[in-house]
Every structure is written in C-alpha cells, then in structure tokens.
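Q: here's my sequence, what's the structure:
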Amino acid sequence: MSEPTSNAGTAPAGTYAPLQGATRIIGAVALSTAVFMNVLDTSIANVSIPTISGDLGVSTSQGTWVITSFAVANAITVPLTGWLTQRFGQVRLFVASTLLFVLASWLCGFAPTLEALIGFRVLQGAVAGPMIPLSQALMLASFPKEKAGMALAVWAMTTLVAPVAGPLLGGWISDNYTWPWIFYINVPVGLLAAWISWRIYGKRESVTQKRPIDKVGLVLLVVWVGALQVMLDKGKELDWFQSSTILTLAVIVVIAFVFFVIWELTEAHPVVDLRLFKIRNFTVGAITLAVAYGVFFGNVVLLPLWLQSNMNYTATDAGIVTAPVGILAILLTPVVGKLLATRDPRHIVTFAFCVFALVCYLRSGFTPQTDMRNLVIPTIIQGAAMAAFFVPLTSITLSGIEPWRIPAASGLSNFCRLTMAGFGTSIATTVWENRATMHHAHLTETATAGTQAFDQTVQSLAAAGMSPQQSLTAVDGLVNAQAFTMSALDVFYASAVIFLMLIVLVWFARPNRNKGGGGAAEAAAGAH
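A: A predicted model of the protein is given here:
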C-alpha cells in the first residue's frame, strides 16, 4: 500500500485482486444498471414537463425547475466524490448514494406539489453525484489490468445510451401511464443494483481517512456551480444578457469561481483537487471529452426539437429517429475496449471525431422533405463514433494518475463533462432560434407579392379553397419551417467543424508507453 505524496492530503485505496468469472460479470451489470438509472433520470423528465406541469397546475416554464433543480444539485456533488470517498469509502458511498437515489425517486413520484417535487429532485440530484465516478472506479478495480479497456467499455455503454433512451422512455410512460412512473421505475432497479453491489464489493472497501471539511471551498463551489446551472437553464427563456437576472448570475459565477480556484489551489485539504489539472493527460483528456460531449449533447437535444417543431414528428417518432444510435454503440464498444490494449487511444479518438464530423456534415444537408430513412442513417453511423470516443478519452484522462486519486479524477472529469453538456444544450438551442430569426428575415425579403414563387404558391392555396389571409398564414408557416431548418443545418455544420478541430487537441496528450493496456491499464492499476 502506497502512501499519498500529494499535498492534497488523500488516503491510499485498498489493494484487492480483480474479480473473477461470474462474480465480475454480475458486479459489472449491477454497477452499469445503477449508472444507467442515474443517467436516464437526467433526461427522462425532459419530455414529461408539459404533463407534470399540467397535473400540478403550474406553467411549463415553472415546470422546467424540475430539470434545473436536479442539474444544479448533481453538478455540485459530482466533483465532491474524491473528498467523500476518502471520508466514507468507495463502496459504502456508492451503495448509500444508490439507496438514497431510490428513496428520492420514490418521494418524487409521490410529490403533491411542484415545490415538493423540486425539493425531492434536489435531493435526488445531490445523492446521484458520486454514483457515476464511483461506478467507474469500482468497475476498473473489478477487471484485471490487461482488460481495463473492456471495463471502461462496459461502463461507457450505459452512460452513452441512457441519454438517448431517456426521452423515448419518458414520453412513452407519460403517454401510456402517469408521470410519477418515470420515477417509480427506479425503485426496483436501484434496490437490486444496491443489494448486488454490496454483496460483491462490500468486502473490498477503500481505506478511509477523517479529513477536515473545507467549508469555504464547499460554499464557493455551491455558489458558482448553482448560479451557473440556473443561468444556463434559464438564459434562453430570459433572453440571456438582456436580462438583469442573467447578468447578476454571470457576475456571481465569475467572482465565486475565481475565489474558488484560488482557495482550492492554496488549501491544504481542498474539497476538489484542482491540482489534477497539473497532469497533462488529465487536462487534455478532460477538456477534449467535455467539449466533445457538449457538442454531442447539444445535437442530441436539437435534433428531436427540430423534428417535432418543424417536421411534425411526435415525441415517439422523434425517439425512433434518435434511438438507433445505440445499435453500433453497443456492438462496437467492447471492440474498442479490446483495441485499447494494443492501440494508441489517440488514434481511436481521431477516428471517432472524423465519424462525428461526417455525421454532422450529412445532417447539414437535411431538408423539410427528408424522409425518416435518410434521417436515421446518420444516427446509426453516429453509434460508431460514440463507441470510439468515450472510452479512449476516459483512458487518456485517467492514465498516469496515482491510485488514491482515481475517484477524485473521475469525479472532476465527469463534472467537466456534465457542465459542458449544459453549455452545449444552451448554446445549440439559442443559436438555433437566433439564426432562425435571421433566416426568416432574409427569406421574407424574397417571399413578397410580385415574385413568381410567392404568387404561384398563393394562387395554389387560393385554388384549394383558402382565403387570402389563410394563404398568407400558410406561406408564413412554410417560411418559418424553412428558416428553422436552415438554422439547424448551421448548427450541424458548425458541430462538424468543431469535431475536426478537437482532433488537434487530443494529440497534445502524451502517448501511452504501457503496451499492456494503455491508459486504461494504468487507470485500472490505480483503481486496484
């Protein structure tokens, strides 16, 4: 057992042999199930907001606090994982978080008012924070060093498929049952995952150490992360920096963040180990993963929005278009896990970003007349990119990190990823609406009386029995659909360019000299 050498003052993890046979498989399934439940819950409520708002007698804008409250609490506790692990132990913290998540889900389903639901969602988001990074650390510790890539692959499948499955499942439950069931389904799944995890990992607890609580750092973290999440979630609704509320939140974020960074870098026992950013591969990997995930998540949100608002797709039909992304992701992720044992992860990530860029480029050619088959083809191809970018980037991020810092590193990198998902969503939807306004203005300059296309369209509508006013309304609807489509294509094209630029960034990471599993193997060694 090695002693910690960082002035961050952490405790070393206990050393255990990898799990074997069926025990390893069952343990991996239990951890993956808990993570799937967690990640699913970040998106499953999105499509159910109108139903929840109507049932509780509030406006849809008020109902969006159901999403915001979870995101704020979750973003705050994810980077605390390292400190909480040293205090309570990996296994105890993971199982406790899972059980509390189940309890919070049950309470959400029973919430009689919006205020109660928001309160329970805060609890749910807070206890969900440590689950993802701890499941990653426990998964790495379950597999032998040479199979670490496979461990990350199994873990990644759940975190990639769940955000896509969430809206589809949430819409189906809301349409066919009642909205509380989007929370009740977590109860049996979470209880089973917690029970199996405790039976398998209960005797593999990490060493704990009673460290002083960094109260100042914790308060600063809560303030700047909370203000940032609210700003991102409410910015579009309040017209961003035209709103005094958004301006105030932005000032709070900047001031609190600057003080937070200064404090954490000088504190002997920081609540978040920012010194991890001194490690080159961690910095490159975490930033690349965060930006790529932000662009990916922005597209995941934008595509169904465009389909439903401009292509007249139902929520279920939009889900059918986006769901096939999981096919190649599930099939190829284990293959990528095996490749990591012999290949430089930077090559695999480069391939992934090229595929992402191709997918976004294909989508930039969509029109309002594009049929479902052509909409689905890029989605299926995107599955290959999802399989090939998440696992190698995670291995780069965790490579070369000391054993006792793996939970903290995983927590911090996941915090960056989740925060950028919020940025990606806000930027994609805001740019989409702003550029749609611009395109609408340009199109209406040509769609005027006297132009051949306009006159022919109005005459055709009049021949169909429409009044002059109805004809003009119909033409405006066509212009709107075209403007929003052109705007969506702009976002897709810009996303393709960003993915190509990220290829340059990933090559700033140092190559892995370990031929027995690359960065994933080093991460696994650290987790054992």
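
Q: correct me, but residue 426 touches residue 238?
A: No. Counting by Cβ atoms under 8 Å, residue 426 does not reach residue 238; the two are 11.7 Å apart. Every C-beta, even on glycine, is put in place using the N, C-alpha and C of the backbone.

Q: show me which of these two is the more surrounded one.
A: The neighbour comparison of residue 426 against residue 238 (other Cβ atoms under 10 Å) goes to residue 426, with 20 against 16.

Q: quick one: classify the more buried one as helix, strand or coil.
A: helix (DSSP: H, G, I helix; E, B strand; the rest coil).

Q: just give the nearest non-adjacent residue to it, would you?
A: Distances taken as Cβ to Cβ, 6 or more residues apart in numbering place residue 232 nearest to residue 426, at 4.6 Å, with adjacent residues excluded.

Q: residue 52 too?
A: residue 179 (5.0 Å).

Q: and that neighbour, which of the three is it?
A: coil.

Q: the stretch 301-450 of the chain: helices as residue ranges?
A: Taking DSSP state H, counting those that start in this stretch as the criterion, the stretch 301-450 of the chain contains helices spanning 315-322, 325-339, 345-363, 372-398, 406-446.

Q: quick one: mean pLDDT for the last one?
A: Meaning helix 406-446. Mean pLDDT, helix 406-446: 83.

Q: so which elements touch it?
A: Judged by 3 or more Cβ pairs under 8 Å, 6 or more residues apart in numbering; DSSP states H and E, helix 406-446 is in contact with helix 65-77, helix 81-88, helix 131-142, helix 215-234, helix 280-310, helix 372-398, helix 468-506, helix 518-527.

Q: one more time with 6 Å
A: Helices and strands touching helix 406-446, by 3 or more Cβ pairs under 6 Å, 6 or more residues apart in numbering; DSSP states H and E, are helix 81-88, helix 131-142, helix 280-310, helix 468-506.

Q: mind checking how far it is from the chain centre?
A: 12 Å (Cα atoms, centre = their mean, to the nearest Å).

Q: just the angle for that helix relative to helix 131-142, thanks.
A: On the basis of axes from the mean of the first three to the mean of the last three Cα atoms, to 10 degrees, helix 406-446 is oriented at 130 degrees to helix 131-142.

Q: angle of helix 406-446 against helix 372-398?
A: 140 degrees.

Q: may I see the helices of the stretch 301-450 of the chain arranged in CSV, with distance to residue 154 as well?
A: CSV is the format used below for those (distance: least, Cβ to Cβ, whole Å):
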stretch, distance to residue 154
helix 315-322, 23
helix 325-339, 7
helix 345-363, 17
helix 372-398, 9
helix 406-446, 15
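
Q: now do the buried residues in the helix or strand encompassing residue 121.
A: Using DSSP states H and E, residue 121 falls within helix 114-128. Neighbour-count burial for helix 114-128 flags 114, 117-128 (criterion: 16 or more other Cβ atoms under 10 Å).

Q: looking at those residues, which is nearest residue 446?
A: residue 114 (45.9 Å; Cβ to Cβ).

Q: what's the neighbour count on the nearest residue to residue 444 once chain neighbours are set aside?
A: Among residues not flanking residue 444 along the chain, residue 479 sits closest, at 6.1 Å (Cβ to Cβ, 6+ apart). Using other Cβ under 10 Å, residue 479 has 19 neighbouring residues.

Q: residue 205 now?
A: 16.

Q: count of neighbours near the residue nearest to residue 426?
A: Residue 232 - counted by other Cβ under 10 Å - has 24 other residues nearby.

Q: then residue 225?
A: Counted with other Cβ under 10 Å, the neighbours of residue 225 add up to 25.

Q: residues in contact with it?
A: Contacts for residue 225 (Cβ atoms under 6 Å, 6 or more residues apart in numbering) come out as 75-76.

Q: and it, how far from residue 252?
A: As judged by Cβ to Cβ, to the nearest Å, residue 225 and residue 252 stand 11 Å apart.

Q: repeat that for residue 414.
A: 24 Å.

Q: which one of those two is surrounded by more residues?
A: Neighbour count, other Cβ under 10 Å: between residue 414 and residue 252, residue 414 has more, with 26 against 17.

Q: what about the more buried one, distance to residue 421?
A: From residue 414 to residue 421 the distance is 10 Å (Cβ to Cβ).

Q: how far away is the residue nearest to residue 444 from residue 473?
A: 11 Å.

Q: that older thread, list the helices and strands the helix holding residue 121 packs on?
A: helix 65-77, helix 90-110.
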